[in-house]
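> how would this look folded up:
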Amino acid sequence: MPDVCRRQIGSLTERYLDALSFLSRLVTRPGQTERRFQDCLPAFAPAGLTLGLLWTALALAALCFAVAAGVSAALCPFVAGWIWMLALLWTTRALHWDGVADLADACGSGTTGERFWQIMRDSRLGAFGALAVCSGLAGCLLLAAAHLEQGNWALLALAPAWGRSCSLLLAASAPPQGGGSLGKLVCSAMTPRLVRQQRIWLAAIVLLVWLTGVPVPQMLLLLAGQWLLQNKLRRTALAHGGLSGDFLGATIELAQLWFLLALL
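Coordinates of the predicted model:
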């Protein structure tokens with residue numbers, strides 16, 4: 001193998017491992033820097049696919065175990081869906097659910113300006129944040145159980161990659177909120193090439209979804225709903241001065257949930 005190919009493969013592997021290190025506890029990579037974080041953004045979708053495959057494999061194993069153990073047929077998918085949700089929370093350290101809670105608290109407060117961002121940055125969990133997290137996790141459980149019952153394991157594996165690509169595309173659609181935030185790092189790294197890469201990833205996921213037998217109207221519903229979600233988040237960010245890491249983290253979970261709901 002030529003040295004240039006070997007170096008390129010080594011670079012892609014490094015970026016993939018850095019992305020897994022940031023997005024999960026599966027890999028530990030010491031010496032992370034802002035530049036390394038920005039460099040690994042193209043690998044977010046592959047890292048998301050890896051996580052989705054792992055969560056789905058664990059859920060399928062739990063489903064087989066529950067069936068073999070004689071658990072009620074009505075409960076087996078819920079047991080497996082619960083394992084899928086727990087695997088999501090454990091492997092990612094619930095990384096993006098704090099963004100869901102913070103964004104819900106800030107938007108639910110009805111405030112604007114600096115007060116909006118004070119609520120967003122407050123580490124305490126408010127009523128709107130608690131409701132959003134509980135609703136979202138309930139959705140994860142129910143949707144995972146429904147897809148497992150229908151044998152749609154491939155869709156469960158693809159959902160995390162979809163969410164991470166959608167989050168990066170949101171970062172390309174609005175300016176950062178300012179300061180040295182995670183949102184600023186991601187937004188500043190969104191070059192036209194990276195945007196094209198994420199669109200290619202989404203197109204590839206749509207193609208795989210079509211190959212699983214999902215009807216075209218349902219796929220159009222997925223795309224239309226995702227566009228509306230992205231537009232709503234973009235307009236909310238613009239109304240309050242820009243994007244932050246919480247916006248991007250919330251987008252990952254919301255897009256993932258919409259993917260599973262639209263394709264049910």
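
> strands of the stretch 151-264 of the chain, start to end?
Shown for the stretch 151-264 of the chain, no strands are assigned by DSSP state E, counting those that start in this stretch.

> could you list the low-pLDDT ranges of it?
Applying pLDDT under 70 to the stretch 151-264 of the chain flags residues 179-180.

> one more time with 90, if that's ok
In the prediction, the stretch 151-264 of the chain carries residues with pLDDT under 90 at positions 177-183.

> can you pull the contacts of the closest residue to residue 154 other than its chain neighbours?
In space, not counting the residues next to it along the chain, residue 154 is nearest to residue 212; the distance is 5.2 Å by C-beta to C-beta, 6 or more residues apart in numbering. Using the backbone N, CA and C atoms, a C-beta is placed for each residue, glycine as well. Residues near residue 212 by C-beta atoms under 8 Å, 6 or more residues apart in numbering: 152, 154-155.

> just put those in CSV and tack on distance to residue 38 and neighbour count.
Putting these into CSV (distance: C-beta to C-beta, whole Å; neighbours: other C-beta atoms under 10 Å) gives the following:
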residue, distance to residue 38, neighbour count
152, 34, 22
154, 31, 18
155, 30, 25
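
> between those residues, which is nearest residue 135?
When the contacts of residue 212 are ranked by distance to residue 135 (C-beta to C-beta), residue 155 comes first, at 20.7 Å.

> that closest one contacts residue 144, doesn't it?
No - the criterion here is C-beta atoms under 8 Å, and residue 155 misses it with residue 144 at 9.9 Å.

> find residues that contact each of the two.
Counting by C-beta under 8 Å, 6+ apart, the contacts common to residue 155 and residue 144 are residue 260.

> number of nearby residues for residue 29?
Residue 29: 14 surrounding residues under other C-beta atoms under 10 Å.

> residues touching it, list them.
Taking C-beta under 8 Å, 6+ apart as the definition, contacts of residue 29 comprise 17-18, 21.

> before we move on, what SS does it have?
Three states are possible here, and by DSSP: H, G, I helix; E, B strand; the rest coil the one that applies to residue 29 is coil.

> per-residue confidence at it?
At residue 29 the predicted local confidence, pLDDT, stands at 85.

> what's the answer for the one 3 residues further on, then?
Residue 32 carries a pLDDT value of 80.

> do you know how far residue 224 is from residue 141?
With distances taken as C-beta to C-beta, to the nearest Å, residue 224 is found 26 Å from residue 141.

> of the two, who's got more company?
Set side by side, residue 224 and residue 141 show more neighbours around residue 141, with 17 against 11, by other C-beta under 10 Å.

> okay but that one is in contact with residue 80, surely?
No - taking contact to mean C-beta under 8 Å, the distance of 10.1 Å between residue 141 and residue 80 leaves them out of contact.

> what's the local residue count around the residue nearest to residue 218 when sequence neighbours are not counted?
Counting by C-beta to C-beta, 6+ apart, the nearest residue to residue 218 once its immediate chain neighbours are dropped is residue 263, at 6.2 Å. Burial of residue 263 is recorded as 22 neighbouring residues (other C-beta under 10 Å).

> again with residue 206
If you count neighbours by other C-beta under 10 Å, residue 206 ends up with 16.

> same question for residue 121.
Residue 121 has 12 nearby residues by other C-beta under 10 Å.

> find the nearest non-adjacent residue to it, please.
When the adjacent residues along the chain are set aside, residue 121 lies closest to residue 102, with 7.5 Å between them (C-beta to C-beta, 6+ apart).

> show me what contacts the one you found?
Taking C-beta under 8 Å, 6+ apart as the criterion, residue 102 is in contact with 119-122, 129, 246, 250.

> of the residues you listed, grab the buried ones for PyMOL.
Here is the PyMOL command that selects only those of the contacts of residue 102 that count as buried (16 or more other C-beta atoms under 10 Å):
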select buried, resi 119+120+129+246+250
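
> tell me the two of the contacts of residue 102 that are most distant?
122 and 250 (15.3 Å).
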